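Engineer: What shape does this take:
(2 chains)
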Amino acid sequence: MAEATLRIAEDGRQAYGLSPGLQRLSSNRNWLGAWFMLPAAAFLLLFLAYPLALGIWLSFTDARIGRAGQFIGTENYEWLWDDATFRLSVFNTILYTVVASVIKFAVGLYLALLLNHNLPLKAIIRAVVLIPFIVPTVLSAIAFWWLYDAQFSIISWSLRQLHLISSNIDFLGDPWNARWSVIFANIWRGVPFVAITLLAGLQTVPPSLYEAATIDGATRWQIFRHVTYPLLTPIIAVVMTFSVLFTFTDFQLIWTLTRGGPVNATHLMATLSYQRAIGGGYLGEGAAIATAMIPFLLAAILISWFGLQRRTWQQGESND
Amino acid sequence: MAILTRRALVKSGTALAAAGALTGPALLEWARAWAQNAPWKPEPGAQLSMLRWKYFVQSEDDAFVKILEAFTKATGVPVTVARESYEDVQPKASVAANTGAGPDLFWGLYSLPHLFPQKCLDVSDVADYLGKKYGGWVPTAVTYGKSGDKWIAVPIVYGGNMQNYRLEASKKAGFSKFPETTDAFLEYAKAMKKNNTPGGMALGHASGDGNGWTYWCLWAHGGNAVDKDDKVIINSPETAKALEYAKQLTDDMITGVASWNDASNNKAFLAGEVYWTNNGISIYVAAQKDPTKKQIAEDMDHAFWPVGPIGKPTELHLMYPILVMNYTKYPQASKALIAFMMEADQFNGWLEAAQGYLTHCLNAYDNNPVWTADPKRAPFRDAAKRSLTAGGLGSVGEKAATAIADFVILDMFANYCTGREDVKGSIAIAERQLKRIYR
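Structural biologist: Sure, this is the predicted structure:
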């Protein structure tokens, strides 16, 4: 098919009288491929590679807003290494990502398995599940801000009416309360994405496999463990990579709820980077914090890559 | 429903306030005459855009828009205004300064112009003109406006941040007026908490209220981030004393202040949850406008901050300077606009419409009726004169701005008051950060 198209294109060019050199070049498949890739490559270079490289470069300078910086080597990183707030933000980010991702996966998978059954009003329930994901993050964050308010929290109020507690819960004022509160808000928001995507994955599992397993006398757990789960792994790899990336780089939720407080207990690397670079004006240091996120993100992507590798194996082809 | 009512009330309030100043055709006439005589002639075809902090009192913005409209009618220069939450003006201005594109004028907070002094248009002529005509600038305004010997911004107004307190509850606690010394303040906080009418001040990342009270506390006890040569001197016995004091004070506050942002204390005060806090006049204005909160407005008053061991006021009020980016194509029009805004015929009405939220920094406006019409506004008149600058003893430049934006002092207090660090640890963290900022 492609060969035929190429031949036709070749004939067309001959008709337009291109020079033989150009003709050979434009009929060379590798050259053509390069040409077709150019727009995409330019796009990636301009909007991804360049900003990334610029960010990394800035992290080695003392650039401030409104002024280009001098190259200062790894001074920013050395400073951050000893910076208690930065270390705390790394700890917070990892805690936030790990706890939220694990729970999002567990709850999301559970929801997906439930929704995969034939329920009455299936379509409506599936749509409802997506709502937290549809609401703009800042709006849901503001709603949580009220839910967690030190004075006006409806949670505190209800528990007080029930005489279960005597004073308001200090959701966002106590470091550990604040951490769990923002993690909960993130989970609430992230579960639908995991659930709906896994549900899509579940529906690609051929029913015949389930029939075969049932006939062989497999229990429900065995069916899940040996049929559903292996067939779901590629999509789990993709969905969890995205989920981890989104969680790791979360900004809006934290910024709206706590601004990184109380006493930096909920500062993530992303929010600290913003506070130092844009708020404080230290572009170089902010860029260093952002750059420090890259190794973590790369690790997450690698995990997904190895997850995807298994797909070829599952399809009965040899590993490459 | 409630919003509609409030809006309507605000509108009628504005009309009343503006009645004293020039209105309608008279204003236009005056504006035309002004434009003809002004030292700054807008460039042909000029148009201006401005980013300002988002108002807290609606009537203030209404009056502000009227001034801009009068300016447009008089000079033919259209002015578009965008409004951002006051914390967000700085990042936008920083990006504009960095890229050389964006609004011509930025009206922001504290030492915003000092973040990029070399990107600001020299407005010395405007500042000198206004200073001469209106009784001179208060000293701190000069500090905020000038970089070296030139003015890089015009200090428009201060936003006073004073103590707000409930009268009845204070009387019950044994205080017929708000305490005037830090020691009495401690007793007051204790007594109020005991009566189940506690107060509270923000210890979260609240740019206005949180920085306001922690800087006050530090300075009141003789602590300072830097000396007059910008050398870091935060590690001192005075700072330790300030921390101990703040710890005692916060122990007698309502729970949850560590999570408070700038809006939290307004909500809590208006809901009758806290009985004293530090804030602009916006709580009072909101209480007056809302029929269901009338009783709070009648039962509250404002007071200066208590004076600490060093024996003089150590308040930090918000400063709102306006700057012109030097990439503007219309420097003359920009200067004309600033001068026009600050002329008595405009400024008096505006000040009145702001109902005490804004405090002038040109001495001649001390006599504006806004300060005498309602005695509860009176403390705010002196905000500009009582305020120290964001740099403390040191310079008001970008270093001080960074220290405030990065919440170095606020976090030092929060670290100790929430028990996350001891005195030494809290100070050490702040000292390390300050040394980098001030290197």
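Engineer: Now B:His221: phi and psi?
Structural biologist: Backbone torsions of B:His221, given as degrees, to the nearest 10, read phi -100, psi 10.
Engineer: In space, what's closest to it - neighbours in sequence excluded?
Structural biologist: Spatial nearest neighbour of B:His221, excluding adjacent residues (CB to CB, 6 or more residues apart in numbering or on different chains): B:Ala242 at 3.9 Å. No exception for glycine: its C-beta is placed from N, CA and C like everyone else's.
Engineer: How about A:Ile72?
Structural biologist: A:Asp62 (5.1 Å).
Engineer: buried residues in stretch B:291-311?
Structural biologist: Neighbour-count burial for stretch B:291-311 flags B:293, B:296-297, B:299-308 (criterion: 16 or more other CB atoms under 10 Å in any protein chain shown).
Engineer: can you check stretch B:412-422 too?
Structural biologist: Burial within stretch B:412-422, assessed by neighbour count using 16+ other CB under 10 Å, is assigned to B:412-418, B:420-421.
Engineer: again with stretch B:74-87
Structural biologist: Neighbour-count burial for stretch B:74-87 [16+ other CB under 10 Å]: B:74-75, B:77, B:79, B:81, B:83-84, B:86-87.
Engineer: Look up phi and psi at B:Pro117.
Structural biologist: The phi/psi pair for B:Pro117 (degrees, to the nearest 10) is phi -60, psi -30.
Engineer: no no, B:Ser176
Structural biologist: With angles defined as degrees, to the nearest 10, B:Ser176 sits at phi -80, psi -20.
Engineer: what does A:Pro120 give?
Structural biologist: Torsion angles, degrees, to the nearest 10, at A:Pro120: phi -70, psi 150.
Engineer: ok, it - how many residues close by?
Structural biologist: If you count neighbours by other CB atoms under 10 Å in any protein chain shown, A:Pro120 ends up with 6.
Engineer: so what's it up against?
Structural biologist: For A:Pro120, the contact set (CB atoms under 8 Å, 6 or more residues apart in numbering or on different chains) is empty.
Engineer: Quick one, grab the pLDDT at it.
Structural biologist: Listed pLDDT for A:Pro120 reads 83.
Engineer: coming back round to it: the residue nearest to A:Ile72: how many residues sit nearby?
Structural biologist: Neighbour count of A:Asp62, defined by other CB under 10 Å: 18.
Engineer: again with the one 10 residues further on
Structural biologist: Look at A:Ile72: counted by other CB under 10 Å, it has 15 neighbours.
Engineer: Tell me the residues of chain A that contact chain B?
Structural biologist: Proximity of chain A to chain B (CB under 8 Å from any CB of the partner chain) is limited to residues A:64-67, A:79, A:82-85, A:148-152, A:167-168, A:170-175, A:178, A:258-265, A:275-276, A:278-282.
Engineer: go with 6 Å
Structural biologist: A:65-66, A:84, A:150-151, A:170, A:172-173, A:259, A:261-263, A:278-281 (CB under 6 Å from any CB of the partner chain).
Engineer: B:Gly199: which of those residues is nearest?
Structural biologist: A:Gln151 (12.6 Å; CB to CB).
Engineer: what residues are up against that closest one?
Structural biologist: Contacts of A:Gln151 were listed using CB atoms under 6 Å, 6 or more residues apart in numbering or on different chains, and they are B:268, B:273.
Engineer: Taking the stretch 251-400 of chain B, what residue is nearest to chain A?
Structural biologist: Going by CB to the nearest CB, chain A is nearest to B:Gly256 of the stretch 251-400 of chain B, at 2.4 Å.
Engineer: list the contacts for that residue?
Structural biologist: Per CB under 6 Å, 6+ apart, neighbours of B:Gly256: A:150, A:170, A:173.
Engineer: so who does the second one touch?
Structural biologist: So that's A:Asp170. Counting by CB under 6 Å, 6+ apart, A:Asp170 has contacts A:150, B:255-256.
Engineer: Next, work out how far apart A:Thr219 and chain B are.
Structural biologist: Here A:Thr219 is placed at a distance of 49 Å from chain B (CB to the nearest CB, to the nearest Å).
Engineer: Let me see the backbone angles for that residue.
Structural biologist: When read as degrees, to the nearest 10, the backbone of A:Thr219 gives phi -80, psi 170.
Engineer: Next, count neighbours for it.
Structural biologist: When counting by other CB under 10 Å, one arrives at 10 neighbours for A:Thr219.
Engineer: Please apply the same query to the one 4 residues further on.
Structural biologist: The local packing of A:Ile223 (other CB under 10 Å) involves 17 other residues.
Engineer: Return the per-residue confidence for it.
Structural biologist: Predicted confidence (pLDDT) for A:Ile223: 90.
Engineer: wait, B:Ser334 sits on B:Asp104?
Structural biologist: Yes. At 5.4 Å, B:Ser334 and B:Asp104 qualify as touching, with contact defined as CB atoms under 6 Å.
Engineer: Name the residues contacting each of these two.
Structural biologist: B:Thr328.
Engineer: which residue ranges form the strands in the chain?
Structural biologist: By default, I'm working from chain A. Here chain A has no strands by DSSP state E.
Engineer: meant chain B actually
Structural biologist: B:48-53, B:79-84, B:105-107, B:146-147, B:150-151, B:154-159, B:162-166, B:276-279, B:300-303, B:318-324, B:358-360.
Engineer: what packs against the second one?
Structural biologist: Think strand B:79-84. strand B:48-53 (3 or more CB pairs under 6 Å, 6 or more residues apart in numbering or on different chains; DSSP states H and E).
Engineer: how about the strand it packs on: buried residues?
Structural biologist: If you call a residue buried by 16+ other CB under 10 Å, then strand B:48-53 has these buried ones: B:48, B:50-53.
Engineer: tell me which of those is nearest to A:Ser243?
Structural biologist: Nearest to A:Ser243, judged by CB to CB, of the buried residues of strand B:48-53 is B:Leu51 at 36.6 Å.
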